[in-house]
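Student: here's my sequence, what's the structure:
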Amino acid sequence: MLINFSNHPSVNWSESQIAMAKSTFGALVDVPFPAVDPGAQEREIDQMALDYYSRLTTMLDECANEPYVNAVHIQGEFTFVFRLVTLLKASGIRCIASTSNRNVEFEEGGEKLVKFDFVGFRDY
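Tutor: Now for the predicted structure:
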């Protein structure tokens, strides 16, 4: 199973990203990334990481006997992600991020249009 723990629901992923996720990990499950208060204290971020660690590992334990590799696709607020990835990896859980080409176009009036083209997954 691949748990998509990000602000980017898999329903909005490209066909190639979904296909790679399913062929590599089997099931694909979204867990919405939480809002992380920029004024939160270190201990609050640590506790949030522990709470999500418990939630995600419970989900992965439920599918431990499946033939696919289990992983967490995690992208979001950097300090929270660092703490959670550290916990997950210490437990032997694979953590990945998406890689993409970032294409930027500037429209009249100065608006910027950014499009990301999925390339692959990369391990933390």
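
Student: so the spatially most central residue of the chain bridges to which residues?
Tutor: Centroid-nearest residue in the chain: residue 74, 2.1 Å away (criterion: CA atoms, centre = their mean). Beta-bridge partners recorded for residue 74 (DSSP bridges): residue 5.

Student: where's it relative to residue 64, distance?
Tutor: Residue 74 sits 19 Å away from residue 64, taking CB to CB, to the nearest Å as the criterion. Backbone N, C-alpha and C define where each C-beta goes, glycine included.

Student: equivalent analysis for residue 46, please.
Tutor: 26 Å.

Student: and for residue 53?
Tutor: 16 Å.

Student: who has more neighbours out of these two?
Tutor: Neighbours of residue 53 and residue 64, each counted by other CB atoms under 10 Å, are more numerous for residue 53; the result is 20 against 8.

Student: assign that one to helix, strand or coil.
Tutor: Classification of residue 53 using DSSP: H, G, I helix; E, B strand; the rest coil returns helix.

Student: now do residue 98
Tutor: strand.

Student: contacts only, for the residue nearest to the centre of the chain.
Tutor: Shown in contact with residue 74 (CB atoms under 8 Å, 6 or more residues apart in numbering): 5, 6, 81, 84, 85, 88, 95, 96, 97, 124.

Student: would you map the helices across this structure?
Tutor: Per DSSP state H, the chain carries helices over the ranges 15-25, 42-61, 78-90.
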